[in-house]
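Student: generate coordinates for the sequence data below:
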Amino acid sequence: MKNTKYFRVIPAEVQLQQALLKTIVDDKLLPEPEEIDGLTFVGREILFTDQPNRKNKKGETINFTRTAGTGSRDQTLVGSFQRGIDIREMPPKVLRTILGDDLFGGFGRHEVFEILGYLVWIYDVYRESTQTRNHLQVELNDVKEDAAISDNGSFKSKPATKEDYVRILTKRIQSQKWTTDICKQWFKTIDHCLSNKQINEYISTAQLKEKADGVIEDIPQKTAASLVKNHDPKLGLLNVTDAERDNLQRLLRCLPAIMNGYINSKGRTQEFAAFHTSTPSHESIDKSIIGGQKIIKDLLDLIDDFQAARNFYKTDACRLTKVVYQKINAKHKVKSIIDLNDYDWESDK
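Tutor: Residues are numbered from 1 along each chain as shown. Sure, this is the predicted structure:
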């Protein structure tokens, strides 16, 4: 693979990687470092990719904005980094403290570094500066969150979600008594690609969450599943969000596991822990748990009635009989509905 106008191929040897990246820094090929409220730019350094802190002492990711992690990286991003370093792009960012360098911009890229075996990279290093804080930044955590959410605000980045913005707004409304006008001012101090309609919606959602009870903690699905598994491996996790509205879709997805578990355990009751992904109040949580109990009972009653009907009528309760045809240049017309008996199985050829 050859160098192109914008990409510099990353060598396999770490010494050659360091030499290439140093040349890029020395020749000032990258864009100018960003000015960030509450921080002072220290310099552009070449660090080992495992050097920046991405987790705290408890092993929790210290991503200051993502409520549910960065998610999986799409293959276009991996493919881009396979071509090397794009000198048009800003480097990841770290905040230098007495405890080391805390990553606050570039979490997704580090997943790609691990995949491609890039051991060193260029980083923009910053330090805290109380003199450069804006009028809405009261403490260092405000600075970190603003910097991180801005780093995810570019159209080139994996965008921050509504939940990411709402989480920050809710915390500031609770701790600093932000009004609607101050919330709108905050969006003017950060980088984002949101419309005015989205901004107003996010502020309204945050205000509703703040009016909850002040002691509701949002827990990601994966975290809740891990908590339940560590408590009791036999205990299941049931998302009861909207269960008070008779939404049993999540319970239906658990149904095969429930039935298999009941059969294999020779009649042991399958136990679940109730979990709510998002709720505005204590009362809503209570209603969803009660709703979860009700939909479980109703579903089990339905299963009993269903089995009684099967025993009485002695017929198949369901069966595949038709196919929406999708094979191109084959026996039938694409998008036509055909009988399963007339389907052209590949194994028949």
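
Student: can you tell me how far residue 53 sits from residue 97?
Tutor: Remark: distance between residue 53 and residue 97 (C-beta to C-beta, to the nearest Å) = 9 Å. All C-beta spots, glycine's among them, are computed from the backbone N, C-alpha and C.

Student: same thing with residue 191?
Tutor: In this view, residue 191 and residue 97 are 23 Å apart by C-beta to C-beta.

Student: quick check: phi and psi on residue 223?
Tutor: Taking degrees, to the nearest 10, you get phi -70, psi -40 for the backbone angles of residue 223.

Student: list the buried ones in stretch 19-35?
Tutor: Using 16 or more other C-beta atoms under 10 Å as the test for burial, stretch 19-35 gives 20-21, 24-25, 30, 33-34.

Student: which stretches of the stretch 1-150 of the chain have low pLDDT?
Tutor: 1, 58-77 (pLDDT under 70).

Student: residue ranges of the helices in it, please?
Tutor: 14-26, 75-82, 107-116, 140-151 (DSSP state H, counting those that start in this stretch).

Student: now for residue 86: which residues touch it?
Tutor: Contact analysis of residue 86 by C-beta atoms under 8 Å, 6 or more residues apart in numbering lists 6-7, 80.

Student: quick one: the strands in the chain?
Tutor: Taking DSSP state E, the strands of the chain run over residues 7-8, 39-48, 85-86, 93-97, 100-105, 120-128, 236-239, 272-275, 322-324, 337-339.

Student: in its sheet, which strands sit next to the first one, and in what direction?
Tutor: Looking at strand 7-8 with DSSP bridges, its paired strands and their directions are strand 85-86 (antiparallel).

Student: ok so, going back, kindly reformat the strands of the chain as JSON lines containing distance to residue 289.
Tutor: JSON lines is the format used below for the strands of the chain (distance: least, C-beta to C-beta, whole Å):
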{"stretch": "strand 7-8", "distance to residue 289": "54"}
{"stretch": "strand 39-48", "distance to residue 289": "44"}
{"stretch": "strand 85-86", "distance to residue 289": "50"}
{"stretch": "strand 93-97", "distance to residue 289": "41"}
{"stretch": "strand 100-105", "distance to residue 289": "37"}
{"stretch": "strand 120-128", "distance to residue 289": "43"}
{"stretch": "strand 236-239", "distance to residue 289": "10"}
{"stretch": "strand 272-275", "distance to residue 289": "5"}
{"stretch": "strand 322-324", "distance to residue 289": "40"}
{"stretch": "strand 337-339", "distance to residue 289": "43"}
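
Student: what's the closest of these to residue 169?
Tutor: Closest to residue 169 of the strands of the chain is strand 100-105 (C-beta to C-beta; 18.7 Å).

Student: show me which residues of that closest one are buried.
Tutor: 101-105.

Student: may I see those residues arranged in TSV, with distance to residue 243 as well?
Tutor: Below are the buried residues of strand 100-105 laid out as TSV (distance: C-beta to C-beta, whole Å):
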residue	distance to residue 243
101	45
102	40
103	38
104	38
105	39
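
Student: which of those residues sit farthest apart?
Tutor: By the measure C-beta to C-beta, 101 and 105 form the most distant pair in the buried residues of strand 100-105, at 11.8 Å.

Student: of the helices of the stretch 1-150 of the chain, which approaches residue 125 most closely?
Tutor: Once these are compared by C-beta to C-beta, helix 14-26 is nearest, at 11.7 Å.
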